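**Q** I'd like to go over a predicted model; first the sequence, then the structure.
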Amino acid sequence: MNILAIESSCDETAAAICRNGREVLSDVVLSQADMHAVYGGVVPEIASRRHVEAVGGLAEQALAEAGLRREEIDAVAVTYAPGLIGALLVGVNFAKAASYGLGVPLIPVHHVRGHIAAGYIAFPELEPPFLSLAISGGNTLLVDVRDYTDMHIVGASRDDAAGECFDKVARVLGLGYPGGAAMDRLARGGDDSRYALPRAKVEDAELDMSFSGLKTAAINLIHNARQKGETLDEASFAASFTKAVSEVLVPRAVEAARMLGRRTVVAGGGVAANSRIREDLTRAAAENGFQLFLPPTALCGDNAAMIGCQGYYEYIAGKRAGMDLNAYATLDISRG
């Protein structure tokens, strides 16, 4: 089954052709990072306009690279939630038009379900059930993946997503947007014990997380150093901050897997590309006897291949959408 997949939830426009949920025939992504860098973050209106300009051409490019004709497409899958509402609507409306024009089913896909499905692309042997740590710019979730379309949140950030914190702290440091990769590079040369930063706990919800206090403490530390004319060891600060984020994420992933009786842990999303977090997850998995699946960094960011992969399993489960499909800025993954 050949699925044309469209992803436009934030500032990447992407199109892909996937076959039977595991094989990627083509995957093209157009990043808008340079356009938004001057503003220090994503400007929703600019993102939406750029999606409008790019999505049709990318779909044609994906078809060409896959070596397929339009009549060989069996379904269209699209990210419809969560994300920037204007950006999502561009992808949804294009997908509806493509579905109608091709006379094939339309499959709505939850963006975070797509990040989880990236593991199926990277590891053909991976099958549910497993515990997923889904960590990105907009979401930080611990998800019990019981089956390909049966997912339940067991832990989440109560406020900021981990990726959002990386971006905001990086901006204050002057590293630009997006900040996650720049923080990762900077941290590799630093002393992660140099700066004391908080790790929050949520009372009566041991698997939930909070990053707003860490973000505020980190930004205040930077501002205070500058106001006092003190030299900030930026590499050690980045390393200390990354350590703090990892020490919130990793122990909770381990505890969630233990509580659920899962022996397999899968990480996904842009923050799963962070080298320190990958190292800590690898170490924790070995110490606790879990099997860990970490997709390559190219599959951690937003892409349409993951949407096409998850779209296949949604299709098998009977999920379809009509021409009245809408986009949603927020949506629980269990309803996706």
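**A** Looks like it arrived, so ask away. Numbers count the residues shown, from 1 in each chain.

**Q** for stretch 10-25, which positions count as buried?
**A** 10-19, 21, 24-25 (16 or more other Cβ atoms under 10 Å). Where you see a C-beta, it was placed from the backbone N, CA and C, and this is true even at glycine.

**Q** And these, which two are furthest apart?
**A** 11 and 19 (27.6 Å; Cβ to Cβ).

**Q** Quick one: mean pLDDT for stretch 324-336?
**A** In this model, stretch 324-336 has an average pLDDT of 93.

**Q** shouldn't residue 313 be in contact with residue 149?
**A** Yes: look at residue 313 against residue 149 with Cβ atoms under 8 Å: they come within range, at 5.8 Å.

**Q** hey, C-alpha coordinates of stretch 29-36 in PDB?
**A** Extracted in PDB, the C-alpha atoms of stretch 29-36 (Å, rounded to 0.1, in the frame of the first residue of the first chain):
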ATOM      1  CA  VAL A  29      11.700  18.100   4.000                       C
ATOM      2  CA  LEU A  30      11.900  21.900   3.500                       C
ATOM      3  CA  SER A  31      13.000  23.600   6.700                       C
ATOM      4  CA  GLN A  32      12.100  27.200   7.500                       C
ATOM      5  CA  ALA A  33      14.600  27.600  10.300                       C
ATOM      6  CA  ASP A  34      16.600  30.300   8.500                       C
ATOM      7  CA  MET A  35      13.500  32.400   8.000                       C
ATOM      8  CA  HIS A  36      12.500  32.300  11.600                       C
END
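
**Q** residues in contact with it?
**A** By Cβ atoms under 8 Å, 6 or more residues apart in numbering, the residues outside stretch 29-36 that reach it are 11-14, 42-43, 46-47, 50, 54, 58, 177-178, 301-304.

**Q** Take those residues and keep only those in helices.
**A** Among these, DSSP state H puts 46, 47, 50, 54, 58 in helices.

**Q** among the residues you listed, who's most crowded?
**A** residue 47 (24 neighbours; other Cβ atoms under 10 Å).

**Q** need the contact list for that residue.
**A** 10, 11, 32, 36, 84, 86, 87.
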